[in-house]
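> Below is the sequence, then the predicted model.
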Amino acid sequence: MGEKRRWLRYPLGFAVGLLNGLFGAGGGMVAVPMLRGMGMKTNQSHATSLSIVLPLSILSGWLYLRGEHFSLAEAAKYLPGGLAGAIVGAIFLPKIKTIWLRRLFGAVIIFSGGRLLLG
């Protein structure tokens, strides 16, 4: 990463944290393009975004739980499927060609944006 862009880490990191707190792990949607813009390879940027979003999600989840904004028992119902999906995704990430990973990521963003706008 060039020295000229190094200062961007802080405002972009803030944006990732803000979106993560607002949208529940939505910061990854900003983290991946941010990391790509800093010169990281596509597969590496997807994996690295997880290491950024994980502590942010833990902190946000703790704050929401402390404020009684959700039920841990209700959330636990979704964990088995989520954990299985995370395992499958982590196994397949290194095996997916970059072009397909980019297309898939773009499709998810477009689909999510469309649902938010129309839903």
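All right, it came through fine.

> What separation is there between the most centrally placed residue in the chain and Phe111?
The chain has Gly28 as the residue nearest its centroid, 2.1 Å off, counting by Cα atoms, centre = their mean. For Gly28, the distance to Phe111 equals 15 Å [Cβ to Cβ, to the nearest Å]. C-beta here means a position set from N, CA and C on the backbone, and glycine is covered the same way.

> ok, back up a step: does the residue nearest to the centre of the chain really touch Ser49, like I thought?
Yes: counting by Cβ atoms under 8 Å, Gly28 does reach Ser49; the two are 4.8 Å apart.

> in this protein, which segments are predicted with low confidence?
Applying pLDDT under 70 to the chain flags residues 1-3.

> the strands in it, which residues?
In order along the chain, the chain carries no strands (DSSP state E).

> need the helices for it, in chain order.
Taking DSSP state H as the test, the helices found in the chain are 9-23, 28-37, 42-66, 72-76, 79-92, 98-118.

> what packs against the first one?
Packing partners of helix 9-23 (3 or more Cβ pairs under 8 Å, 6 or more residues apart in numbering; DSSP states H and E): helix 28-37, helix 42-66.

> and what of the fifth one?
The criterion is 3+ Cβ pairs under 8 Å, 6+ apart, and there are no helices or strands that helix 79-92 contacts.
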